[in-house]
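S.K.: Provided below for reference: sequence and predicted model.
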Amino acid sequence: MHFLSRIFHLLALAAVLSSASPLAAQSDAPADHGQGNDQAARIHRIEASTVDISMGEGQPRLRLTLTELMHAYNDSAFSIAVIDNSQIAWAKGYGVTAAGSSTPVTVHTIFQAASISKPVTATAALSLVERGKLALDEDLNVKLIHWKVPENELTKTEKVTLRRILSHSAGLTVHGFAGYDAADPIPSVEQILNGEKPANSPPVRVDVTPGTIERYSGGGVAIEQLLLTDVTGKPFPALLRELVLDKLSMADSSFEQPPSPQRAKFAASATAADNKTLHGRWHVYPEMAAAGLWTTPSDLARFLIEISLTKNGKSHKVLSQAMAQLMLTPVIHDAGLGFFLPQESPGEFGHSGSNEGFECNMKMNANSGRGLVMMTNSDNGFEVMKFFENAVAKEYGWPVNSRQLDAGARVLVVSVAKGLRPALDFYESLRGSHEPADKIDEGTLNFVGERLLAIGAPEKAIAAYQRNLKEYPRSANANLGMGEAYLKMGNKHLAIVNFKASLEIEPSNQRTRDKLAQLLAQ
């Protein structure tokens, strides 16, 4: 997502951030056009009250600045771009490029876009359709050269096609990819598709009749990557630069895996939920089409704006209006051709992404010309993005997605900001509410426990799970979570007790069964 920022009024900015602070924000502002002070005031309000939660009647509200929120979630790098009136209104970088670093994040700091790579790749594929090199409804095996989709009973009458891959309805396996340590051997695309060493993912196969269901498949997009290189004879990074990136002036973007030494200088480092930087700074993703794009929010904003303008007949740098409209038309459920299209928000299109140590999200509404792109170098990034998006929406008068600030998200932020006891008190206060966003169920505290465990707070996680089991004693997930928390604390005995309790409730859970078997074998 791409959002460029206006020049900030220094006095307003100084109230929130200091340029000497390791979490100081770095911006790259467009021309002022006489609106700089208004824009700076808006930015200040968003940054100063990114979290603003009612804690209940008679209780002071919980308010956190963006900097405080990032610190609470071990998110060292955060970069955003805001789109308004089909233009980048402002973009800004916050924090430092790695935990413990002093290098500030700027609007040119690059992040792994993870699955946001998919709609960019889809755009390139659709441009080849318009050139007659590909067809949306042709059996992919007609054009594939170096590898073929294995046929079986399910593909006798229904084939794997480009339309189905782009809409995740091809019946293909492999949801996503874990990437490879910088020191590991890197497999070819063919090895990945066959699940052959050194690939670390299972083979990509059809196990559901193509065209019958929507099921997310990064494996299918890996096939798309091979298809594009087969029909053009060009390396994937060069092809995507030619078909999309250069045409949209996405100068900070590249599908090179790993990034070149020059680009690596501008890269944020992947950070686990417990604030540890990944070995080698990040994982390598040879599955470039599905997860390999390095980019910035500003470049992604340019991409979103172009797709929106093209749909509305106001541009045609990459696709025709007809193709852009087709791209943003649901094929099955909420899946278009590369984008997801929320049915409850007409005109909206977007995609999120999550690689090891990176999380990001982008969305735009082609009807209103508004959008937001957010990128983080943290496995906790989505928790920061939820509140930032909500603050931006409130400030600009955009529709607020109350679902993303559900009870679990708010209880969690109270726990990391004020402690678990205040969080559990807040959880209790939600019981009498009839607001949909305040609904609590078995999953609420399970989510809180899971995230607390991820950020390295197993004692707090256990307390959250124990509280949940008082109300939901038959919660297999709460027992499983407690087992994992005890295991992280080194208490093997209690880990086994809780894994067994989880299996008694849900005997078919293979994940729990494997963990228990591994412990008992030690």
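M.R.: Happy to help now that I have it.

S.K.: going by C-alpha atoms from here, please, whenever you check contacts or count neighbours.
M.R.: OK.

S.K.: those strands in the stretch 101-250 of the chain, which residues are they?
M.R.: Applying DSSP state E, counting those that start in this stretch to the stretch 101-250 of the chain gives strands spanning 111-112.

S.K.: ranges for the strands of the protein?
M.R.: For the chain, the strands defined by DSSP state E occupy 26-27, 51-53, 62-64, 77-84, 87-95, 111-112, 294-295, 348-355, 358-365, 370-376.

S.K.: which of the ones you listed sits closest to L245?
M.R.: strand 294-295 (10.2 Å; CA to CA).

S.K.: what's next to the closest one, contact-wise?
M.R.: Residues from elsewhere that reach strand 294-295, judged by CA atoms under 8 Å, 6 or more residues apart in numbering: I110, F111, Q112, A113, D252, S253, S254, F255, E256, P259.

S.K.: for those, give me a markdown table that also has neighbour count.
M.R.: Shown next, in a markdown table, are the contacts of strand 294-295 (neighbours: other CA atoms under 10 Å):
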| residue | neighbour count |
| --- | --- |
| I110 | 29 |
| F111 | 28 |
| Q112 | 35 |
| A113 | 32 |
| D252 | 19 |
| S253 | 24 |
| S254 | 23 |
| F255 | 27 |
| E256 | 19 |
| P259 | 18 |
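
S.K.: A135: which of those residues is nearest?
M.R.: A135 lies nearest to F255 out of the contacts of strand 294-295, by CA to CA, at 23.9 Å.

S.K.: from I223, how far out is that closest one?
M.R.: To I223, F255 is 16 Å away according to CA to CA, to the nearest Å.

S.K.: number of residues surrounding the nearest residue to R164 once chain neighbours are set aside?
M.R.: Nearest residue to R164, sequence neighbours excluded (CA to CA, 6 or more residues apart in numbering): A170, at 4.6 Å. Burial of A170 is recorded as 30 neighbouring residues (other CA atoms under 10 Å).

S.K.: please apply the same query to D184.
M.R.: Residues near D184, counting by other CA under 10 Å: 11.

S.K.: again, but for T212
M.R.: T212 has 13 neighbouring residues, counting by other CA under 10 Å.

S.K.: what does stretch 256-272 contact?
M.R.: Residues contacting stretch 256-272 (CA under 8 Å, 6+ apart): 75, 77, 97-99, 105, 108-111, 237, 277-278, 281-286, 288, 292-294, 356-358, 377-380.

S.K.: give me the distance between the two termini of that stretch.
M.R.: End-to-end distance (CA to CA), stretch 256-272: 23 Å.

S.K.: could you do stretch 374-384 as well?
M.R.: End residues of stretch 374-384 are separated by 10 Å (CA to CA).

S.K.: what's the spacing between that stretch and its chain's center?
M.R.: With CA atoms, centre = their mean, to the nearest Å as the basis, stretch 374-384 stands 8 Å off its chain's centre.

S.K.: cool, and stretch 145-163?
M.R.: The mean C-alpha position of stretch 145-163 is separated from the chain mean by 29 Å, CA atoms, centre = their mean.

S.K.: what is the rounded mean pLDDT of it?
M.R.: For stretch 145-163, mean pLDDT is 97.

S.K.: pLDDT below threshold where in this structure?
M.R.: Across the chain, the ranges flagged by pLDDT under 70 are 1-36, 402-403.

S.K.: for the residue positioned nearest the centre of it, what are its contacts?
M.R.: Closest residue to the average C-alpha location of the chain: G353 at 2.7 Å, with CA atoms, centre = their mean. By CA under 8 Å, 6+ apart, the contact list for G353 reads A113, A114, S115, I116, E359, C360, N361.

S.K.: how does it look with 6 Å?
M.R.: G353 sits next to A114, S115, I116, E359, C360 when contact means CA atoms under 6 Å, 6 or more residues apart in numbering.

S.K.: same question for S502.
M.R.: A476, N479, L480.

S.K.: again, only this time at 8 Å
M.R.: S475, A476, N477, A478, N479, L480, T512.

S.K.: please apply the same query to L245.
M.R.: Counted by CA under 8 Å, 6+ apart, L245 has contacts A251, S253, S254.

S.K.: and N365, by the same measure?
M.R.: By CA under 8 Å, 6+ apart, the contact set of N365 is S308, P346, G347, E348, F349, G371.
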